[in-house]
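Student: got a structure for you, letters missing:
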Ligand SMILES: O=C(O)CCC(=O)C(=O)O
Ligand SMILES: [Fe+2]
């Protein structure tokens, strides 16, 4: 059951829907002053908002995303042995304590791909190689919108010139920016591979296109997990750790996770996600005062996600919260 936020917390363990600001892509790209204000408020609050892509002035963003989804489904049908740039399900911790993750992922790093001459084949099976134009066009279009978000926030925070956030996100600079397509396993109660671990994103702007629910954000004031329902034609965007640190902790990188969406058990959840991350040499300072390059922060967080061992210690870095058990209680469905 999902309900509206105004209905208040639920006694039975079900989650309400969060209310998020909607930003129009056309107004964002047109530097509309009210949109700039709304974006700043949303990013100081939860750091989550909807981006309405239906009014994008020039590009067929939504058809690119739909084509990427169908290419990904063809890829997932292939035998595991020929999949490259691929993460099988169950490699990381999942949404339930002690269980593994329930998603497969295609990971398409933007900068390494741009270094491959157009006449040379990119890594991967033919279904990916043949989609290079589509992959690059999708990276370009989603990257352009993410950079517009960064620039708008930078202007609102009066971070200009040498201080501008855009300086760390120039197109073409070596950066761990990527396009990922996640396919979640269908959920059967008792499954050993379930959902996506509670975490904060490590980079700058995450732009998620999906038409199946399950994404939840932890609301720090209500102290409860809330669903972020998908909306046709919209992306769900959220800020990551790097934007929080680079903004002097004014902007928010919120804790989120993906749990099985049991209202629609037959539907496969596919998430097409663009992760804009700063240039790899950008310096960031975590709240404990330690200085990192973006490349170091990226490697460290990825490594923790893949290490089962000392999960309790790792979890406080993955979630950036101390002593909070944010796993999904499976029996609460
Ligand atoms: O699939 C989703 O909706 C979100 C996945 C996510 O949070 C991530 O990959 O960082
Ligand atoms: Fe995430």
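Tutor: That came through fine. The structure displayed is predicted, hence computed values, not measured ones. Ligands and ions are numbered 1, 2, ... in the order given.

Student: contacts and neighbour counts: CA atoms only from here.
Tutor: Will do.

Student: distance-wise, check residue 82 relative to ligand 1.
Tutor: Distance, residue 82 to ligand 1, using C-alpha to the nearest ligand atom, to the nearest Å: 23 Å.

Student: where does the stretch 51-200 of the chain get nearest to ligand 1, residue-wise?
Tutor: Taking C-alpha to the nearest ligand atom as the measure, the stretch 51-200 of the chain has residue 182 as its residue closest to ligand 1, at 6.3 Å.

Student: okay, and that residue sits in which element?
Tutor: Here residue 182 sits within strand 178-184, counting by DSSP states H and E.

Student: quick one: strands adjacent to that strand?
Tutor: Strands that pair with strand 178-184, judged by DSSP bridges, come out as strand 103-109 (antiparallel), strand 270-276 (antiparallel).

Student: mind listing residues that contact the first one?
Tutor: Under the criterion C-alpha atoms under 8 Å, 6 or more residues apart in numbering, residues 72, 85-90, 176-185, 193-196 lie in contact with strand 103-109.

Student: again, only using 7 Å
Tutor: With contacts defined as C-alpha atoms under 7 Å, 6 or more residues apart in numbering, strand 103-109 is touched by 85-89, 176-185, 195.

Student: next: stretch 147-165.
Tutor: If you take C-alpha under 7 Å, 6+ apart as the criterion, stretch 147-165 is touched by 28-29, 36, 40, 166.

Student: mind listing what residue 146 touches?
Tutor: Residues in contact with residue 146 (C-alpha under 7 Å, 6+ apart) are 205, 276.

Student: in what helix or strand does it lie?
Tutor: Secondary structure (DSSP H and E) places residue 146 in helix 132-156.

Student: how about the strands in the protein?
Tutor: Applying DSSP state E to the chain gives strands spanning 22-24, 48-52, 86-87, 103-109, 178-184, 196-199, 205-209, 215-219, 224-227, 234-239, 256-258, 270-276, 283-285, 291-293.

Student: for the third one, which strands pair with it and how are they oriented?
Tutor: To tie it back to what came earlier, the one meant is strand 86-87. Using DSSP bridges, strand 86-87 pairs in its sheet with strand 103-109 (antiparallel).

Student: can you give me the mean pLDDT across the strand it pairs with?
Tutor: Averaged over strand 103-109, pLDDT sits at 95.

Student: got the angle for that strand vs helix 132-156?
Tutor: Put simply, strand 103-109 runs at 80 degrees to helix 132-156, going by axes from the mean of the first three to the mean of the last three C-alpha atoms, to 10 degrees.

Student: is any residue of strand 103-109 near ligand 1?
Tutor: No. Using C-alpha under 6 Å from any ligand atom, we find that strand 103-109 stays clear of ligand 1, coming within 8.6 Å at best.

Student: contacting residues for the residue located most distally from the centre of the chain?
Tutor: Distance from the C-alpha centroid of the chain, by C-alpha atoms, centre = their mean, peaks at residue 119 (31.2 Å). For residue 119, the contact set (C-alpha under 7 Å, 6+ apart) is empty.

Student: do residue 170 as well
Tutor: For residue 170, no residue meets the contact criterion (C-alpha under 7 Å, 6+ apart).

Student: change it to 10 Å
Tutor: Contacts for residue 170 were tallied using C-alpha atoms under 10 Å, 6 or more residues apart in numbering; they are 147, 278-279.

Student: can you pull the contacts of residue 128?
Tutor: Counting by C-alpha under 10 Å, 6+ apart, residue 128 makes contact with 68, 71-72, 74-75, 83-84, 106, 108, 121-122, 134-135.

Student: shaky segments in the chain?
Tutor: Applying pLDDT under 70 to the chain flags residues 1-13, 307-314, 322-325, 331-333.

Student: residue 277 versus the residue nearest to the spatial centre of it, what's the distance?
Tutor: Centroid-nearest residue in the chain: residue 206, 3.9 Å away (criterion: C-alpha atoms, centre = their mean). Counting by C-alpha to C-alpha, to the nearest Å, the separation of residue 206 from residue 277 is 9 Å.

Student: and for these two, which residues touch both?
Tutor: Common contact partners of residue 206 and residue 277 (C-alpha under 10 Å, 6+ apart): 146, 177-178, 240.

Student: ok so, going back, could I get the contacts of residue 128 as CSV with neighbour count?
Tutor: Formatted as CSV, the contacts of residue 128 follow (neighbours: other C-alpha atoms under 10 Å):
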residue, neighbour count
68, 19
71, 18
72, 22
74, 12
75, 21
83, 18
84, 15
106, 21
108, 22
121, 15
122, 19
134, 16
135, 21
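
Student: and which of those is nearest residue 292?
Tutor: Distance to residue 292 across the contacts of residue 128 (C-alpha to C-alpha) is lowest for residue 108, with 24.1 Å.

Student: so who does residue 176 touch?
Tutor: 109-112, 203, 275-280, 294-295, 298-299.

Student: quick one: which two of these are the most distant?
Tutor: Farthest pair in the contacts of residue 176, by C-alpha to C-alpha: 112 and 203, 17.5 Å.

Student: pick out whichever of the two has more residues nearby.
Tutor: More neighbours surround residue 203 than the other of residue 112 and residue 203, with 24 against 14 (other C-alpha atoms under 10 Å).
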